[in-house]
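Engineer: Need a 3D model of the following:
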Amino acid sequence: MSVMRGSRTSSLIRGQGVNIFWGGLSLFFAAAAVYFYWQYVEYEQSARVLRDQEIQILQENQQLRAQVDKLQESIATVDQMVRNRDQKLRDQQNTVERAVLDAKRVADETAALVDRQRVRQENAERIREKMTEVGEISDVSVVARGTAPIIRIENAVLFKPATMELTEKAPRTLQRIAQTVGDLLDTNELHIEAFTDSDPITGSMLEKYPSNYDLAAARASVVARFLVERTGLPADRVVIVSRGPNFPVQPNTTPDLKAQNRRVEFVLAPAPQLMRESIKSSAPAPSPAPAASAPPPAAEAGETEVIEVQAVDRTATP
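Structural biologist: Sure thing, here's the model as predicted:
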């Protein structure tokens, strides 16, 4: 009886110990669960804070990048402005330098023009003075072409009819002309220009002179040779020109009017190279060349006036 009572007591005690064990274990796990829960809550809070901070940092980074881009654009703009300013300054400097060079060139050209004009005026005055002397020569008349005085001689004074032979009084007339204009050849050239009427070449002269240009050139050549060989005029100052039937002084309607168109003209024209030498230019002198058949050149504005000596043949033969 007592053995059975002790056995029930032991069993009861063991049952209570097991309950206590499981109860303590349950409390342990409950406490652990509570601990880990709070750890998780704190972790979630920390993670949320970190995510917020990350987002804020990303936003600030984007703002900084935007500011950097704006600064770079500003730097690029300023750099372009500096380059534009430098280029503008260089352009202005180049413009000033060109203006200075242009001003110097204009000043030099103006001075040279003044010198040339002075020489031309002096030359024109010398020619006008000589015109008075030329007008006193027998069979010579002085007329005007615009403002330029012209000397004319009838062709009958120079050539025998229908020949290239000089008349008896031609040498004396040409000598007087050479004496009068000879000292003007330091700054002038003597152009000997021959003209014909409008009639074509016929008869025995056609074989030698197929055209009026050939006939005029031959007459100019005869006069030029006489002036160079017989009067001593410098050959490099004498130019022959064949005008043919061009530039008549009268209509070719009657024998008398045609005779006035058959003429030889002596033109004193300023020699550009000689004038440059007279104002001490350093340019080399070109070799003089005989002129070809061409219309009279138009006078340059302000150029010295031209003097012409013309011979007019009153005969009807070419």
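Engineer: Now do stretch 197-210: distance from first to last residue.
Structural biologist: 14 Å (C-alpha to C-alpha, to the nearest Å).
Engineer: residues contacting residue 197?
Structural biologist: Applying C-beta atoms under 8 Å, 6 or more residues apart in numbering to residue 197 gives the contacts 212, 245, 248, 252, 258, 259, 261, 262, 318. No exception for glycine: its C-beta is placed from N, CA and C like everyone else's.
Engineer: Between these, identify the one with the most neighbours.
Structural biologist: Using other C-beta atoms under 10 Å as the neighbour test, the contacts of residue 197 are led by residue 262, with 30 neighbours.
Engineer: mind checking how far it is from residue 74?
Structural biologist: As judged by C-beta to C-beta, to the nearest Å, residue 262 and residue 74 stand 89 Å apart.
Engineer: repeat for residue 33
Structural biologist: 60 Å.
Engineer: For residue 115, state which of the contacts of residue 197 is nearest.
Structural biologist: Taking C-beta to C-beta as the measure, residue 115 lies nearest residue 248 of the contacts of residue 197, at 38.3 Å.
Engineer: For the closest one, pull up the helix or strand it's in.
Structural biologist: Under DSSP states H and E, no helix or strand contains residue 248.
Engineer: show me the contacts for it.
Structural biologist: By C-beta under 8 Å, 6+ apart, residue 248 lies in contact with 195, 197, 198, 261.
Engineer: so where do the strands sit in this protein?
Structural biologist: Applying DSSP state E to the chain gives strands spanning 140-145, 148-153, 188-195, 238-244, 263-270, 307-312.
Engineer: mind checking which of these is nearest residue 29?
Structural biologist: Each of these has some distance to residue 29 by C-beta to C-beta; the shortest is strand 263-270, at 132.2 Å.
Engineer: so how far is residue 13 from residue 69?
Structural biologist: Using C-beta to C-beta, we find residue 69 at a distance of 82 Å from residue 13.
Engineer: let me fix that: residue 214
Structural biologist: Taking C-beta to C-beta, one finds residue 214 at 168 Å from residue 13.
Engineer: These two: which has the busier surroundings?
Structural biologist: Neighbour totals were compared for residue 214 and residue 13, and residue 214 leads with 18 against 10 (other C-beta under 10 Å).
Engineer: quick one, what contacts the more buried one?
Structural biologist: Applying C-beta under 8 Å, 6+ apart to residue 214 gives the contacts 201, 208, 242.
Engineer: Out of those, the closest to residue 187 would be?
Structural biologist: Checking those one by one against residue 187 (C-beta to C-beta), the nearest turns out to be residue 242, at 25.3 Å.
Engineer: ok, the closest one to residue 90 distance?
Structural biologist: Per C-beta to C-beta, residue 242 is found 58 Å from residue 90.
Engineer: try residue 255
Structural biologist: Distance, residue 255 to residue 90, by C-beta to C-beta: 76 Å.
Engineer: so where's the protein shaky on pLDDT?
Structural biologist: For the chain, the stretches with pLDDT under 70 are 1-7, 120, 124, 131, 134-136, 138, 143-150, 272-318.
Engineer: Point to the residue nearest the middle of it.
Structural biologist: In the chain, the centroid-proximal residue (C-alpha atoms, centre = their mean) is residue 102; its distance is 12.7 Å.
Engineer: Touching, residue 198 and residue 247? I think so.
Structural biologist: No. Contact criterion C-beta atoms under 8 Å: residue 198 and residue 247 do not qualify, at 11.4 Å.
Engineer: just how off-centre is the longest helix belonging to the chain within its chain?
Structural biologist: Using DSSP state H to define each element, the chain has its longest helix at helix 2-134. Remark: helix 2-134 is offset 51 Å from the chain centroid, using C-alpha atoms, centre = their mean, to the nearest Å.
Engineer: returning to that earlier point: dump the contacts of residue 197 to TSV, plus distance to residue 98.
Structural biologist: Listed next are the contacts of residue 197 as TSV, based on distance: C-beta to C-beta, whole Å:
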residue	distance to residue 98
212	53
245	52
248	51
252	57
258	59
259	60
261	54
262	57
318	60
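Engineer: Rebuild the strands of the chain as JSON lines, extending it with mean neighbour count.
Structural biologist: Output for the strands of the chain, formatted as JSON lines (neighbours: other C-beta atoms under 10 Å):
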{"stretch": "strand 140-145", "mean neighbour count": "15"}
{"stretch": "strand 148-153", "mean neighbour count": "23"}
{"stretch": "strand 188-195", "mean neighbour count": "25"}
{"stretch": "strand 238-244", "mean neighbour count": "22"}
{"stretch": "strand 263-270", "mean neighbour count": "26"}
{"stretch": "strand 307-312", "mean neighbour count": "25"}
